[in-house]
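Colleague: Make a model of this:
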Amino acid sequence: MSDVLEADLHPKTNDDVLAAVQWAAAEEMPLEIIGQGSKRALGRPTQTAHSLDMSGLSGVTLFEPEELVLSAKAGTPLSEIHALLDEHNQELQFEPVDLGTMLGGAAGYGTLGGLVSTNICGPRRLKSGSVRDHILGITAVSGRGEVFKSGGRVVKNVTGYDLAKGVTGAYGTLAVLTDIIVKVLPKSETEQTLALYGLSDAQASEAMALAMGSSAEVSGAAHLPTNLANSNATTLLRLEGFAPSVAYRIEALGKLLADFGTHERLDEQTSKAQWWAVRDCLPFAGENSPVWRISCTPSEGHRIVETIKASTSADAFYDWQGGLIWLQVNEGDAKADLVRSSVQVNGGGHATLIRADATTRQSVPVFQRQAAPLAALSKRYRENFDPNGILNPGRMVGA
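Modeller: Here you go, the predicted structure:
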């Protein structure tokens, strides 16, 4: 058993993963599923006797640039995938987020499996959708110790459960991913950003809504208030595509938003740097205070922040036209009740505690509590995939 156990904890093949999960299921032995550990601080802390380290299950197994499809092992580093796609001027268009620096670690780590398991995507979600929308297929091992496949190399209608989408964002609590097929797309020829200066949060919300409703095809809309923008409050509106089209659209957008005051165009290099900071939550890097990720109605985002700031010291900036709020509570306490009640009274949504110490993450509901019907459905889903609760137990919901 010791030889098998050692192989199970550091699998090199799909068969190793299957053997590990089957052993854990038979022994009812909880497993923590990790890749490079870059997202280990997300979710509630797990208490497990063993970790299933997937970093050895690595490598791109299929890449067909002409067909816009890539398949890789779950433990494949994202840096390797990005490098390969760069060679062919392609990308994962949902804009993968790297929270390593914000979480107190290093940037540039993370695996494809971890990306799919957390379903955290960047500013381009407004235009291109989330990680879930770009997954074509998976191979995985359920908590029952059974291999299953879902989807394939092409986009098609699905009859019954779309299991690939079901495990995306499940934080490894339903199955251990071994192989993942994703859709890739060509990079834009260029990008520019229209930056508006000096707007209040409410004014920025109005400007972003106007821009998103225009024909400018905005692929990113964010707002950084004064204290997070180094000097003046900055509202960012990104346009991508062929150079002549971008130039025409950004000029038209500038005219449309002329009443909102001072603005300038950011060139491609400056634009990329600004959106990199927004994507990876760099304004809150290097600190330890609790950080929330709030999804809400875009027009209500600034009201949620106003309500929270009326009761506690906090900083916030906005992505997704104000529909995504990154909020840092500056008083140490995560203020979970305040944050979630503020969301509820301002249009609804959900708030996830992204950064906090282990004690706080153990005591505070990290994820938004589901409504009873949805919670019952989620429970049945978990019972079908992992009846003994051996995969990342407690990561999303406490026992």
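
Colleague: who touches the residue most central in space within the chain in this structure?
Modeller: Nearest to the mean C-alpha position of the chain, by CA atoms, centre = their mean, lies I120 at 0.8 Å. Contacts of I120 were listed using CB atoms under 8 Å, 6 or more residues apart in numbering, and they are V97, L99, V131. Using the backbone N, CA and C atoms, a C-beta is placed for each residue, glycine as well.

Colleague: again, 10 Å this time
Modeller: By CB atoms under 10 Å, 6 or more residues apart in numbering, the residues touching I120 are 39, 42, 94, 96-99, 114, 130-131, 169, 279, 293, 352, 354.

Colleague: which one of these sits closest to L163?
Modeller: G169 (12.8 Å; CB to CB).

Colleague: how about the residue nearest to the centre of the chain, phi and psi?
Modeller: When quoted as degrees, to the nearest 10, the phi and psi of I120 stand at phi -100, psi 120.

Colleague: among the contacts of I120, which ones are buried?
Modeller: Burial by neighbour count, judged by 16 or more other CB atoms under 10 Å, picks out 39, 42, 94, 96-99, 114, 130-131, 279, 293, 352, 354 from the contacts of I120.

Colleague: Go through these and name the one nearest Q328.
Modeller: For those, the nearest to Q328 is I354 (9.8 Å; CB to CB).

Colleague: and the closest one, helix, strand or coil?
Modeller: Put simply, I354 is strand when judged by DSSP: H, G, I helix; E, B strand; the rest coil.

Colleague: OK, contacts around it?
Modeller: 41-43, 99, 102-103, 120, 281, 284, 290-294, 326-328, 361, 366.

Colleague: rerun that using 7 Å as the cut-off
Modeller: Residues counted as contacts of I354 (CB atoms under 7 Å, 6 or more residues apart in numbering) are L42, V291, W292, R293.

Colleague: Same check on G347?
Modeller: Contacts of G347 (CB under 7 Å, 6+ apart): C296, T297, E300.

Colleague: Can I have the buried ones of those residues as a ChimeraX selection?
Modeller: The buried residues among the contacts of G347 can be selected in ChimeraX (16+ other CB under 10 Å) with this line:
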select :296,300
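
Colleague: Just give me the closest of the contacts of G347 to N384.
Modeller: C296 (31.3 Å).

Colleague: Tell me which helix or strand R340 sits in.
Modeller: Per DSSP states H and E: R340 is located in helix 336-345.

Colleague: Give the buried residues for that helix.
Modeller: Using 16+ other CB under 10 Å as the test for burial, helix 336-345 gives A336, L338, V339, R340, S342, V343.

Colleague: Then stretch 309-321?
Modeller: Under the neighbour-count criterion of 16+ other CB under 10 Å, stretch 309-321 has A314, D315, A316, F317, Y318, D319, W320, Q321 buried.

Colleague: so is the fourth one in a helix, a strand, or just coil?
Modeller: Right, the one you point to is F317. Classified using three-state DSSP, F317 is strand.

Colleague: Read off the pLDDT value for the closest residue to it other than its chain neighbours.
Modeller: Spatial nearest neighbour of F317, chain neighbours left out: L224 (4.6 Å); criterion: CB to CB, 6 or more residues apart in numbering. pLDDT, L224: 96.

Colleague: residues in contact with L224?
Modeller: Counting by CB under 7 Å, 6+ apart, L224 makes contact with A233, T234, P283, F317.

Colleague: who's it bridged to?
Modeller: T234 (DSSP bridges).

Colleague: quick one: it from L68, how far?
Modeller: Distance of L224 to L68, computed by CB to CB, to the nearest Å: 34 Å.

Colleague: List the residues that contact the closest residue in space to A356 that isn't next to it in sequence.
Modeller: Counting by CB to CB, 6+ apart, the nearest residue to A356 once its immediate chain neighbours are dropped is P290, at 4.6 Å. Contact analysis of P290 by CB under 7 Å, 6+ apart lists V329, A334, L353, R355, A356, T360.

Colleague: now the fourth one: how far from K39?
Modeller: What that stands for is R355. Counting by CB to CB, the gap between R355 and K39 amounts to 12 Å.

Colleague: Now do the shared contacts for these two.
Modeller: Common neighbours of R355 and K39 (CB under 7 Å, 6+ apart) do not exist.

Colleague: Quick one: the helices in the stretch 101-250 of the chain, in order.
Modeller: 112-118, 125-128, 163-167, 201-212, 243-256 (DSSP state H, counting those that start in this stretch).

Colleague: tell me the most buried of those helices?
Modeller: Ranked by mean neighbour count, the helices of the stretch 101-250 of the chain are led by helix 112-118 with a mean of 26 (mean count of other CB atoms under 10 Å).

Colleague: Name the next helix or strand following the worst-scoring helix or strand of the chain on mean pLDDT along the chain.
Modeller: Least confident helix or strand, the chain: helix 2-9 with a mean of 47, by mean pLDDT, DSSP states H and E. Sequence-wise, the next helix or strand downstream of helix 2-9 (DSSP H and E) is helix 14-27.

Colleague: Touching that following helix from outside, list them.
Modeller: 4, 7-9, 11, 31, 52, 57, 141, 143-145, 147, 176, 178, 388, 390.

Colleague: Buried ones among the residues you listed?
Modeller: By 16+ other CB under 10 Å, the contacts of helix 14-27 give 7-8, 11, 31, 52, 57, 141, 143-145, 147, 176, 178, 388, 390 as buried.

Colleague: give me the low-pLDDT residue ranges for the stretch 51-200 of the chain?
Modeller: Residue ranges of the stretch 51-200 of the chain with pLDDT under 70: 153-161.

Colleague: quick one: the strands in it?
Modeller: Secondary structure of the stretch 51-200 of the chain, counting by DSSP state E, counting those that start in this stretch: strands at 60-64, 69-73, 90-91, 135-142, 147-151, 175-183, 185-186, 190-197.

Colleague: Next, the contact list for the spatially closest residue to I135 that is not a sequence neighbour, please.
Modeller: Leaving aside its chain neighbours, I135 sits nearest to A164 (4.9 Å; criterion: CB to CB, 6+ apart). Counting by CB under 7 Å, 6+ apart, A164 touches I135, G137, I138, S150, G151.

Colleague: just checking, E240 touches S188?
Modeller: Yes: the pair E240 / S188 is scored as a contact, 3.8 Å apart, by CB atoms under 7 Å.
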